[in-house]
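**Q** Take a look and give me a structure for this.
(one chain, ligands or ions: 1)
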Amino acid sequence: MTVDILKERTAVPVLRVLPLGGLGEIGLNMMVFEYEGKILIVDCGLMFPDMNMIGVEYAVPDISALEGREADIVGLVLTHGHEDHIGAVPLLLERLGNPPVFGLPLTVGLLKCRLEECEMRCKPALHTVDPAERLSLPPFEVEFFRVAHSIVDSVGLALRTPAGLVVHTGDFKLDPSPLDGHRVDEERLAAFGREGTLLLLSDSTNVECDGWTPSEREVGAAFAELFPQCRGWLVMTTFSSNIHRIQQAVDCAVALDRRILITGRSMQLVCRVARELGVLRLPDPMLIGFKELRELPRDKVCVITTGSQGEPQSVLTRIARGEHKQLQLEEGDMVIISSRMIPGNECLINQNINNLYRRGAQVHYQGVSPVHVSGHAGRAELQRVLELVQPRWFIPVHGEYRHLARHAELARQLGVETALAENGQPVTVSWRDLSFGEPVPSGRILVDGLGVDLVGLEQLRERRRLAGHGLVVARLTLDEASGALLEPPEFLVRGFVPEEEEEYYAPAASAVQSLLAEAPEELLADEDSLKDAVRRCLQRHFSRALEKRPLIVPLLIWR
Ligand SMILES: [Zn+2]
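**A** Below is the predicted model:
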């Protein structure tokens, strides 16, 4: 009897789903599908560091769970060109046997630029797909469907496998009147429902926002109202990947006979790629450089630039500080910050807004003017997708844990069976059941610099301490034979200045002296332990005397 049940169970084809990023966090999106040993990967993004990751350029997903499986990977499919979906692709290609990559034109175009910066050892196989065609990567068949999002060429995926149909929304919203006319085909979603969808994976980012996310066109309407009010330079900033937003600013500027200056490295790069692909319409004669800028009246210029998040080296921040040679603001100029404030960046952005006002400009930003809408679906749209697709199982993706939990709650209210998974948690699904497997290694790998230099947690702690508390180098000259101090300890301090130097150094020196005088012979013979003891001793001293915990580096010189 038992044997029969087992036989019957194995007869039901099962699909294994392994999230390696984006579940329980915003960014690093990466999902792995496995059927009978063959693997299809969807997206491989990065995350920009928060304030706690000093000196870290970005984080990438830990993909070690796939190492050794290179031969089984049939391809990497990309849903859209945002950094949190394509940013870690170079690492994946180098580490996982350079599998073929598939995406729409802008996605592949932006990935190419990223790969050029990386000096790849392998030669990437990039394939631009036509979303009208199905892609065959046995045992998977991939159907693309257009979705509205804050970047051109965004798609959701319908993956057909012998185990059943999987619908992955990617990042999306159901904008009823998107700029490019590519509405989400609700009839197609309903057809997936009728066909029978084994599993739905859907974007949870905006589940906390009730109702529908407004259409991108509403920003265009705000631009159309604000632009004619400006008598001087018009400066607009947004994420460089938001081509529709840039297009709307360009269209408004052109209608007012303002010429366009595009500045800031990533803005220039994305606009170049988007113009080459024909997704950004900006005729050559309307584009100007800094030379023409000087010659044109101020009300004939529109500047489109970077810096919407207050990035310290960005063009907008330099303009705000009055440090940009060619772009000095005056009374009558207008600045539009057309993006959301990413949590953690508020201080920098607000500082820019204050400084822009100081320079005499009028400033418009989210909260005071309708100059931004989100690219992610609100709660009512998420509900609509669940109702149309009617999956056998649902797993919320893309969001912090609370977003996933609320999205799961919504699905359960609609009667959809739901599983809450996190990164590294394999899920096995079939029409009959869904189960969790043993967790595999997952998490974030911190990268500093353009290469793949990994930063450990310990180094991160050191960097935080350096930034917040400074550095003390303690130079101790010791007798090789006895371990006795030959000279008084010397201290080199960086990052803070004790007010009464003598007051701190003399007691620090005597603390070290007595530590060494009382140290047992074994300690003096073991340099690492001795350094550790000196470090702890000085740590105690400085935290008591200065209420600081500087990074302490003992330098032992033996004579
Ligand atoms: Zn996105």
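**Q** And Gly332, what's its pLDDT?
**A** Note for Gly332: predicted pLDDT of 97.
**Q** can you pull out the helices in the stretch 351-500 of the chain?
**A** With helices called from DSSP state H, counting those that start in this stretch, the stretch 351-500 of the chain shows them at 379-389, 401-413, 457-469.
**Q** Phe145 sits in which helix or strand?
**A** strand 140-146 (DSSP states H and E).
**Q** For the chain, give me the ranges with low pLDDT.
**A** 1-10, 50-55, 449-461, 463-464, 497-502 (pLDDT under 70).
**Q** elements contacting the strand holding Phe145?
**A** Other helices and strands packing on strand 140-146, by 3 or more Cβ pairs under 8 Å, 6 or more residues apart in numbering; DSSP states H and E, are strand 38-42, strand 135-137, strand 155-161. For the C-beta atoms, the positions are set from N, CA and C on the backbone; glycine is no exception.
**Q** Try it again at 7 Å.
**A** Strand 140-146 is packed against strand 155-161, with contacts defined by 3 or more Cβ pairs under 7 Å, 6 or more residues apart in numbering; DSSP states H and E.
**Q** Give me the residues contacting stretch 22-32.
**A** With contact meaning Cβ atoms under 7 Å, 6 or more residues apart in numbering, stretch 22-32 is reached by 17-21, 39, 41-47, 59-61, 66, 84-85, 168, 201, 205, 397-401, 404, 421-423, 444.
**Q** same deal with stretch 377-389?
**A** With contact meaning Cβ under 7 Å, 6+ apart, stretch 377-389 is reached by 167, 169, 172-174, 186, 189-190, 192-193, 197, 200, 202-203, 206-207, 209-213, 394, 407, 410-411, 414, 416.
**Q** Quick one: neighbours of the residue of the stretch 1-150 of the chain found nearest the ion, just the number.
**A** The nearest approach of the stretch 1-150 of the chain to the ion comes at His82, 3.7 Å away (Cβ to the ion). Counted by other Cβ atoms under 10 Å, the residues lying close to His82 total 26.
**Q** go on, Glu518?
**A** By the measure other Cβ under 10 Å, the count of residues near Glu518 is 8.
**Q** Quick check on the contacts of stretch 377-389: which are buried?
**A** Neighbour counting with 16 or more other Cβ atoms under 10 Å marks 167, 169, 172-174, 189, 192-193, 197, 200, 202-203, 206-207, 209, 212-213, 394, 407, 410-411, 416 as buried within the contacts of stretch 377-389.
**Q** In the stretch 251-400 of the chain, what residue spans correspond to strands?
**A** With strands called from DSSP state E, counting those that start in this stretch, the stretch 251-400 of the chain shows them at 259-262, 287-288, 301-305, 334-337, 362-365, 393-397.
**Q** Which among those is found nearest to the ion?
**A** Closest among the strands of the stretch 251-400 of the chain, using Cβ to the ion: strand 393-397, at 12.1 Å.
**Q** what would the strands of the stretch 251-400 of the chain look like in JSON lines with distance to the ion?
**A** Formatted as JSON lines, the strands of the stretch 251-400 of the chain follow (distance: least, Cβ to the ion, whole Å):
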{"stretch": "strand 259-262", "distance to the ion": "22"}
{"stretch": "strand 287-288", "distance to the ion": "27"}
{"stretch": "strand 301-305", "distance to the ion": "20"}
{"stretch": "strand 334-337", "distance to the ion": "19"}
{"stretch": "strand 362-365", "distance to the ion": "21"}
{"stretch": "strand 393-397", "distance to the ion": "12"}
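**Q** out of those strands, which comes closest to Gly156?
**A** In terms of Cβ to Cβ, the element of the strands of the stretch 251-400 of the chain nearest to Gly156 is strand 393-397, at 11.6 Å.
**Q** for the closest one, the distance to its chain's centre please.
**A** Offset of strand 393-397 from its chain centre (Cα atoms, centre = their mean, to the nearest Å): 21 Å.
**Q** by contact count, what packs against it?
**A** strand 197-203, helix 401-413.
**Q** Let me have the ones you listed in JSON lines, extended by distance to Cys113.
**A** Shown next, in JSON lines, are the helices and strands packed on strand 393-397 (distance: least, Cβ to Cβ, whole Å):
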{"stretch": "strand 197-203", "distance to Cys113": "25"}
{"stretch": "helix 401-413", "distance to Cys113": "30"}
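**Q** The helix or strand hosting Glu117: which residues count as buried?
**A** Applying DSSP H and E as the criterion places Glu117 in helix 105-118. Using 16+ other Cβ under 10 Å as the test for burial, helix 105-118 gives 105-111, 114-115, 118.
**Q** Give me the distance between the spatially most central residue of the chain and Asp532.
**A** In the chain, the centroid-proximal residue (Cα atoms, centre = their mean) is Met47; its distance is 3.0 Å. Going from Met47 to Asp532 by Cβ to Cβ, to the nearest Å gives 34 Å.
**Q** Quick one: name the residues of the protein near the ion.
**A** Contact residues, the chain versus the ion (Cβ under 5 Å from the ion): 82, 171.
**Q** let's see it at 8 Å
**A** Residues of the chain lying close to the ion by Cβ under 8 Å from the ion are 79-80, 82, 84-85, 149-151, 154, 170-171, 375-376.
**Q** now these as a markdown table including secondary structure?
**A** Shown next, in a markdown table, are the residues of the chain next to the ion (DSSP: H, G, I helix; E, B strand; the rest coil):
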| residue | secondary structure |
| --- | --- |
| Thr79 | coil |
| His80 | coil |
| His82 | coil |
| Asp84 | helix |
| His85 | helix |
| His149 | coil |
| Ser150 | coil |
| Ile151 | coil |
| Ser154 | coil |
| Gly170 | coil |
| Asp171 | coil |
| Gly375 | coil |
| His376 | coil |
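**Q** Narrow those residues to those that are buried.
**A** The buried subset of the residues of the chain next to the ion - by 16+ other Cβ under 10 Å - is 79-80, 82, 84-85, 149-151, 154, 170-171, 375-376.
**Q** mind giving me TSV with these and columns for distance to Gly97?
**A** As requested, those are exported to TSV (distance: Cβ to Cβ, whole Å):
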residue	distance to Gly97
Thr79	22
His80	24
His82	25
Asp84	24
His85	21
His149	30
Ser150	32
Ile151	28
Ser154	28
Gly170	25
Asp171	27
Gly375	33
His376	33
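**Q** what about Glu225, neighbour count?
**A** There are 12 residues near Glu225, going by other Cβ under 10 Å.
**Q** ugh, wrong one, I meant Glu119
**A** 9.
**Q** And the helices in the stretch 151-300 of the chain?
**A** Using DSSP H, counting those that start in this stretch, the helices of the stretch 151-300 of the chain run over residues 186-195, 217-226, 243-255, 265-276, 290-295.
**Q** If you count residues, where's the longest helix of the protein?
**A** helix 527-546 (DSSP state H).
**Q** Against which helices or strands is that helix packed?
**A** Going by 3+ Cβ pairs under 7 Å, 6+ apart, helix 527-546 lies up against strand 471-478, helix 501-518, helix 521-525, strand 551-558.
**Q** of all these, which gets the most neighbours per residue?
**A** strand 471-478 (a mean of 19; mean count of other Cβ atoms under 10 Å).
**Q** Show me what Leu492 is bridged to.
**A** Val473 (DSSP bridges).
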